[in-house]
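>>> Below: sequence and its predicted model.
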Amino acid sequence: MSHQLKITTKEISSLEVKLTKTYILLVQKGAKLNNNGQKIWNKTDYNFSKLAKLENFTGEKGQSINLLAPLKLKAHRVLVLGIGSKTDEQEINYKNIGGIIAKTISQFQDKNISIIFEDESNNQIAQLGAGLHLYLYSFDKYKTKKSKKASDRKSNNINYTFLVNNKTAVSKALKDEMAVVEGTLIARDLINEPSNMLGPVEFSKECLKLTNLGMDIKVLGEKELKKLGMGAFLAVGQGSSRPSKMVVMSWFGGKKNDAPIAIIGKGVVFDSGGISIKPANSMQDMKGDMGGAAAVVGLMHTIALRESKTNIIGIVGLCENMPDGDAYRPGDIIKSMSGQTIEVINTDAEGRLVLADVLWYAQDKFKPKFMINLATLTGAIMVGLGTEYAGLFSNDDVLANDLLEAGQISGEKLWRMPLDKAYDKMIDSQFADMKNTGGRFGGAITAAQFLQRFVNDVPWAHLDIAGTGFGVKKSNINQSWAPGFGVALLDSFLRKNFEK
Ligand code: BES
Ligand code: MN
Ligand code: ZN
């Protein structure tokens, strides 16, 4: 991790004994201290409601009172933080509150901080802990000169003490949530990493690290992929000097005969567009075209760290899309593992070619109960949904609705898009079974229709994360180019539906 932060939980009864430098009191809308908060505050000898009025503090989210050097409470600072209140539509977002705290504290450079909890659930407390980490993450390993700006000097070696009612329960919730943080930050690291450092081979080595967590990892090289008949996947990497790889990660924490869930990621380590080369502006962003695969690897870390009682197969298709004398070309007709032939119209519509073979392989080899794929697949989904929602396409309403709900719970939101025979027609080809683009109209949908031709009627969902995978707005829980979208989403999805 790029930052160092330790969270310790203590029973709130130890409140009187241990004094730290900084106290944080959380106050909801209405500006009333809770009992534990009041106990601390009483030692400051200030009148809270009067001070709150004078400071216009109402408990609205993000408001704060920063009280320094109170005489009787031997602390440096008491920070009263407004956290708003829940509405009919929305609970208080504690991940976000954690981010606000991390941001505020990094301006002060305080090192020992106690947060006083009272009414918050174990899960909410854990979410807050996650938010601290998610905010503090930064990708600066290639900067040889560290920034001197105080706000950039991400607080190192910070110790947080969470004062809570039930230490054991909170510790357990925190441990699970930290597994999600770790998976998310691994995904961020992979996406932020430049392509010269992270090719298919290097990426597959990152996957192999999961062996340490008790996971079974298989890396398949071009010879094996050829033997499997993966002509679509292999065509994409043909112009690259770096060989394509497919990695299969298996976690069997569930019942022995339970069919696994397959999670599949597009892992184009760099997408130049190939012979249908992309314009120069923003081409550098295409180092993130493995965002789907990064989310899969991150999620596999998370479920292993949580020792999830599920059976999950994670599969990533890793390759590089380059122009070259050996590259595939527009007009080429290639044969997929399914036997279906594809006319290449545009070599920049490469992600669907990778996924076509990986999806087919996943259902053929593992007979999963369903498949979910993540892919930075189309610019069209960014036009439609921007950077807030990822596009969800599915042939199964139950699966789709469960994913939509997980989006709401995790804050990694999804918006369902249509699939329809009429769109499917748009990728019929004059020369082969299908073509790899459907024209400008409905570009995200025709891409999804293409994928659907390779799922063989297995329940399936496709998440087009081109808009949410990288280059998103900075937020309280992400200051980095890559947010690691998909890890928290699928973790919530698995926990809610398969681990209760
Ligand atoms: N990786 C891109 C999609 C993308 C674009 C992701 C921008 C994130 C940001 C994908 O391989 C691609 O190039 N898609 C083309 C498809 C087209 C040629 C049919 C696109 O969306 O323009
Ligand atoms: Mn492309
Ligand atoms: Zn791409």
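Cool, got the structure. Ligands and ions are numbered 1, 2, ... in the order given.
>>> So in the chain, which helix runs the longest?
As assigned by DSSP state H, the longest helix anywhere in the chain is helix 167-192.
>>> Quick check: mean pLDDT of that helix?
Averaging pLDDT along helix 167-192 yields 98.
>>> The helix or strand just after that helix packs against which elements?
Next helix or strand after helix 167-192 toward the C-terminus (DSSP states H and E): helix 200-208. Contacts defined by 3 or more C-beta pairs under 8 Å, 6 or more residues apart in numbering; DSSP states H and E place helix 200-208 against strand 216-220, strand 245-252, strand 261-271, helix 291-305, strand 311-321. (C-beta placed from N, C-alpha, C; glycine too.)
>>> Contacts for helix 200-208, please.
190, 198, 217, 219, 237, 242-245, 247, 249, 267, 269, 290, 293, 297, 300, 316, 318-320 (C-beta atoms under 8 Å, 6 or more residues apart in numbering).
>>> If we use 6 Å, what do you get?
Identification of contacts with helix 200-208 by C-beta atoms under 6 Å, 6 or more residues apart in numbering yields 217, 219, 242, 244-245, 247, 269, 297, 318-319.
>>> which parts of that helix are buried?
Using 16 or more other C-beta atoms under 10 Å as the test for burial, helix 200-208 gives 200, 202-204, 206-207.
>>> if we can go back for a sec, right, and the pair among the contacts of helix 200-208 with maximum separation?
Distance extremes for the contacts of helix 200-208: the farthest pair is 217 and 242 at 19.5 Å, using C-beta to C-beta.
>>> show me where the stretch 1-150 of the chain has helices.
35-42, 48-54, 94-108, 122-136 (DSSP state H, counting those that start in this stretch).
>>> Could you look up the SS state of the closest residue to ligand 3 within the stretch 401-500 of the chain?
Using C-beta to the ion, the single residue of the stretch 401-500 of the chain nearest to ligand 3 is residue 466, 8.2 Å away. Judged by DSSP: H, G, I helix; E, B strand; the rest coil, the three-state class of residue 466 is coil.
>>> ditto for the one 5 residues further on
Secondary structure of residue 471, reduced to three states by three-state DSSP: coil.
>>> Backbone dihedrals for it, please?
Reported as degrees, to the nearest 10, the phi and psi values for residue 471 are phi 70, psi 30.
>>> Now do it against residue 135, distance only.
18 Å (C-beta to C-beta, to the nearest Å).
>>> repeat for residue 435
45 Å.
>>> Which of these two has more residues huddled nearby?
residue 135 (28 against 22; other C-beta atoms under 10 Å).
>>> Share the number of residues neighbouring the closest residue to residue 40 other than its chain neighbours, please.
Excluding the flanking residues, the one nearest residue 40 by C-beta to C-beta, 6 or more residues apart in numbering is residue 23, at 5.5 Å. Residues near residue 23, counting by other C-beta under 10 Å, number 27.
>>> on that earlier part again, report all helices and strands that the longest helix of the chain contacts.
Applying 3 or more C-beta pairs under 6 Å, 6 or more residues apart in numbering; DSSP states H and E, we find helix 167-192 packed against strand 5-11, helix 122-136, helix 291-305, helix 487-498.
>>> and the closest residue to residue 347 other than its chain neighbours, how many neighbours?
Ranked by C-beta to C-beta, 6+ apart and with sequence neighbours excluded, the top spatial neighbour of residue 347 is residue 274, at 3.4 Å. The local packing of residue 274 (other C-beta under 10 Å) involves 28 other residues.
>>> list the contacts for the one residue in the stretch 1-150 of the chain that gets nearest to ligand 2?
Among the residues of the stretch 1-150 of the chain, residue 139 lies closest to ligand 2, at 23.5 Å counting by C-beta to the ion. When the contact criterion is C-beta under 6 Å, 6+ apart, the partners of residue 139 are 192, 480.
>>> Could you find the closest non-adjacent residue to the residue of the stretch 101-250 of the chain found nearest ligand 2?
Of all residues in the stretch 101-250 of the chain, residue 236 sits closest to ligand 2, at 9.1 Å by C-beta to the ion. Using C-beta to C-beta, 6+ apart and skipping residues adjacent in sequence, the residue nearest residue 236 is residue 350, 4.4 Å away.
>>> what do you get for residue 30?
residue 59 (5.5 Å).
>>> just residue 306 next, same as before
Closest to residue 306 by C-beta to C-beta, 6+ apart is residue 179, at 4.6 Å.
>>> Residue 158 too?
Leaving aside its chain neighbours, residue 158 sits nearest to residue 5 (4.9 Å; criterion: C-beta to C-beta, 6+ apart).
>>> Quick check: the one you found vs residue 108, distance?
For residue 5, the distance to residue 108 - C-beta to C-beta - is 15 Å.
>>> Can you tell me which residues in the protein are near ligand 1?
For the chain, the residues in contact with ligand 1 (C-beta under 6 Å from any ligand atom) are 271, 285, 289, 346, 348-351, 376-380, 437, 443, 466.
>>> try 5 Å
271, 289, 346, 348-349, 351, 376, 378-379, 437, 466 (C-beta under 5 Å from any ligand atom).
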